[in-house]
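> predicted model, plus sequence, below.
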Amino acid sequence: MTDYIVRATAGNAQIRAFAATAKDTVEAARAAHSLSPVASAALGRTLIGTAMMGAMLKGENELVTVQIKGDGPIGQITATSDAVGRVKGYVHNPSVMLPPNAAGKLDVGGAVGRGMLQVIKDMGLKEPYCGQTVLQTGEIAEDLTYYFASSEQVPSSVGLGVLMDKETGTVRQAGGFIIQLMPFAEDAVIETLEKNLTTLPSVTAMLDEKMTPEQMLEKVLDGLEVTFTDTLPLAFHCNCSKERVEKALISVGEKEIKTMIAEGKPIEVNCHFCNKNYSFSIEELHNLLKRAK
């Protein structure tokens with residue numbers, strides 16, 4: 001099944017909701033960065049949450065970036081999404097390994113540790129919007145739930161899950177949902193939603209039962225008359241290119257490029273987001289130097 005995000009409303013537009021299936025997206029990230037199982041789960045959850053936040057944006061050129069800066073062994077996690085389902089990201093330590101947590105699950109919270117969650121929204125204005133909250137558990141979903149409530153004042157419930165295949169080390173299931181209450185939500189709607197959430201299976205359990213994003217939302221929003229508004233494709237996508245890297249190298253200035261040339265060997269530039277390497281020969285560096293003048 002191709003990855004996608006579905007948008008919906010419920011309870012006579014008193015709730016807005018998003019859900020995603022993201023197995024191929026997270027697997028592409030795992031393969032690109034050679035992620036360990038716990039790193040796959042940590043980055044995967046962040047990618048899924050960020051992609052659904054991207055689906056909240058209004059302009060096609062707008063971007064949202066989620067940065068998780070904890071003191072755990074995985075280091076910083078960064079994910080960026082546009083408004084049309086293209087998401088990318090990386091972790092500082094992709095090979096981190098930890099024993100399972102007390103529940104026998106991948107210890108994402110232990111890998112992340114304590115720290116801050118930052119959300120940056122580039123909406124084409126002079127200055128990007130930036131919100132920041134303290135990490136609550138490091139498990140990502142709870143941290144995003146807290147972020148929405150404290151930084152954006154939007155009561156929300158975020159569910160995220162990545163299930164790894166123990167035999168192959170690849171991603172078996174991945175997806176999630178975000179449910180948000182509108183300011184005018186009635187008590188009866190809130191009570192129904194809270195009741196549903198208390199009995200809800202985990203995201204990975206629902207996905208492993210072959211539930212679609214639509215079916216997940218119908219379960220979360222049972223009794224609240226769900227209306228699906230649209231869907232958009234979801235994919236791990238990096239817009240890096242040699243041309244973009246050339247522009248970045250030119251921007252560092254003549255002095256830096258001359259230093260590279262003086263070392264007398266080709267250079268290699270790595271894209272953090274997709275782990276692709278771009279090589280530049282001495283001749284290419286000389287051409288860049290001319291363009292930098």
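Done, it's in. Residues are numbered from 1 along each chain as shown.

> parallel or antiparallel, which strands does the top strand by length along the chain pair with?
In the chain, taking DSSP state E as the definition, the longest strand is strand 171-181. Within its sheet, strand 171-181 is paired with strand 15-21 (antiparallel), strand 156-164 (antiparallel), according to DSSP bridges.

> need these in CSV with distance to residue 185, can you?
C-beta here means a position set from N, CA and C on the backbone, and glycine is covered the same way. As requested, these are arranged in CSV below (distance: least, Cβ to Cβ, whole Å):
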stretch, distance to residue 185
strand 15-21, 7
strand 156-164, 12
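
> adding mean pLDDT and distance to residue 280, write these out as CSV.
Output for the strands paired with strand 171-181, formatted as CSV (pLDDT from 0 to 100; distance: least, Cβ to Cβ, whole Å):
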stretch, mean pLDDT, distance to residue 280
strand 15-21, 98, 37
strand 156-164, 97, 36
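
> avg pLDDT for stretch 81-96?
On average, the pLDDT along stretch 81-96 is 96.

> list the buried residues in that stretch.
In terms of neighbour count (16 or more other Cβ atoms under 10 Å), stretch 81-96 has its buried residues at 81-91, 93-94, 96.

> in strands only, show me those.
When the buried residues of stretch 81-96 are checked against strands using DSSP E, the ones located there are 81-82, 86-91.

> the strands paired with strand 171-181: which one's closest to residue 30?
With Cβ to Cβ as the criterion, residue 30 lies closest to strand 156-164 of these, at 8.6 Å.

> name the helices or strands packed onto the next helix or strand after the longest strand of the chain?
Where DSSP states H and E defines the elements, the next helix or strand beyond strand 171-181 is helix 187-198. Other helices and strands packing on helix 187-198, by 3 or more Cβ pairs under 8 Å, 6 or more residues apart in numbering; DSSP states H and E, are strand 171-181, helix 213-220.

> now do the last one: everything it contacts.
Just to be clear, that refers to helix 213-220. Surrounding helix 213-220, the residues in contact under the criterion Cβ atoms under 8 Å, 6 or more residues apart in numbering are 4-6, 8, 10, 17, 19-21, 157, 159, 175, 177, 179, 193, 196-197, 200, 203, 206-207, 211, 226, 228.
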